[in-house]
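*Asks:* Sequence plus predicted model, see below.
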Amino acid sequence: MFRKLKSNTDSDFRTEIPQYSDEKIVDILKKRDYYQPEATKLAIEVAIKRGIIFSEQDLFSDEYNVEELDRSLFPKIHDPKIQKRIRKSIARSLVICGIMPIVFGLLQSNKGNKVEGSLILLFGVLWIFVSAQLIKNYHKTFVIMLLAGAFLSLVYIVTKLILLHRFIFMDFFIASILFLLIAYGLLFIKNISKK
């Protein structure tokens with residue numbers, strides 16, 4: 001529906017738009033410049049059939065001025081289905097992130113650092129478990145636990161890098177970027193879920 005969508009979803013809007021509520025149709029009309037022309041045209045036809053507007057000329061009234069999209073660090077997503085999809089997608093990525101500490105923990109254990117390796121391995125397993133719970137359903141506690149875990153892992157990594165006694169910028173840079181991406185994903189989930 002939005003202009004950026006690929007052609008394989010083009011036919012979806014033809015079946016979805018006629019089923020939308022009047023409020024959603026009005027929202028499409030107010031943001032019509034951001035939708036594909038075909039989707040906008042269909043929304044106008046549906047609005048005319050339902051009596052929301054009487055003709056395309058009604059779109060020139062102040063009520064239907066094109067609204068700017070919300071531009072913020074965390075975009076507003078009002079559709080609960082889309083919120084759920086995004087939450088599940090980010091949580092799946094977090095599950096994959098949990099593989100790194102498991103592998104690192106196993107490597108540390110094989111080097112002879114049994115206690116450190118076991119703790120890192122346990123951290124990875126807990127990370128995957130909490131992330132998997134976040135896939136099933138949202139709870140604020142899961143997000144807080146993962147944020148705390150991400151912060152602890154950042155502290156651990158930075159401490160390990162400092163103890164190497166040689167500064168390698170890329171190591172710090174990659175650790176910081178990974179932390180920021182994970183933190184953004186978790187805060188985005190928290191922002192769209194609002195429970």
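*Replies:* That came through, no problem. Everything numeric here is computed off the predicted structure, so don't read it as measured data.
*Asks:* so where does K88 fall, helix or strand?
*Replies:* helix 80-97 (DSSP states H and E).
*Asks:* Please list all residues in contact with Y20.
*Replies:* Listed by C-beta atoms under 8 Å, 6 or more residues apart in numbering, the contact partners of Y20 are 28, 43, 46. For every residue, glycine as well, the C-beta is placed using N, CA and C.
*Asks:* Looking at these, spot the one nearest Q108.
*Replies:* Closest approach to Q108 among the contacts of Y20 (C-beta to C-beta): I28, at 54.1 Å.
*Asks:* Helices along this structure, start to end?
*Replies:* With DSSP state H, the ranges of helices along the chain come out as 12-16, 22-30, 37-50, 80-97, 99-111, 114-136, 140-163, 169-193.
*Asks:* which stretch among the ones you listed comes nearest S72?
*Replies:* helix 169-193 (9.3 Å).
*Asks:* that older thread, which residues touch the helix holding K88?
*Replies:* Looking at what lies outside helix 80-97 - C-beta under 8 Å, 6+ apart - the contacts are 77, 127-128, 131-132, 134-135, 138, 146, 178, 182, 185-186, 188-189, 192-193.
*Asks:* So which residue is smack in the middle of the chain?
*Replies:* The centroid of the chain falls nearest to I86 when counting by C-alpha atoms, centre = their mean (4.6 Å).
*Asks:* Look up how far Q57 lies from it.
*Replies:* Distance of I86 to Q57, given as C-beta to C-beta, to the nearest Å: 37 Å.
*Asks:* what does R32 give?
*Replies:* 14 Å.
*Asks:* how's the chain carved up into domains?
*Replies:* In the assignment given by automatic domain parsing, the structural domains of the chain cover 9-64, 80-193.
*Asks:* TSV for these, including mean pLDDT?
*Replies:* Formatted as TSV, the domains of the chain follow (pLDDT from 0 to 100):
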stretch	mean pLDDT
domain 9-64	83
domain 80-193	93
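*Asks:* Now Y138, what are its backbone angles?
*Replies:* phi -90, psi 140 (degrees, to the nearest 10).
*Asks:* Export the domains of the chain to TSV and append columns for distance to S72.
*Replies:* Output for the domains of the chain, formatted as TSV (distance: least, C-beta to C-beta, whole Å):
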stretch	distance to S72
domain 9-64	16
domain 80-193	9
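*Asks:* picking that back up, and the helix holding K88, which residues are buried?
*Replies:* By 16 or more other C-beta atoms under 10 Å, the buried positions in helix 80-97 come out as 83, 86-88, 90-91, 94-95, 97.
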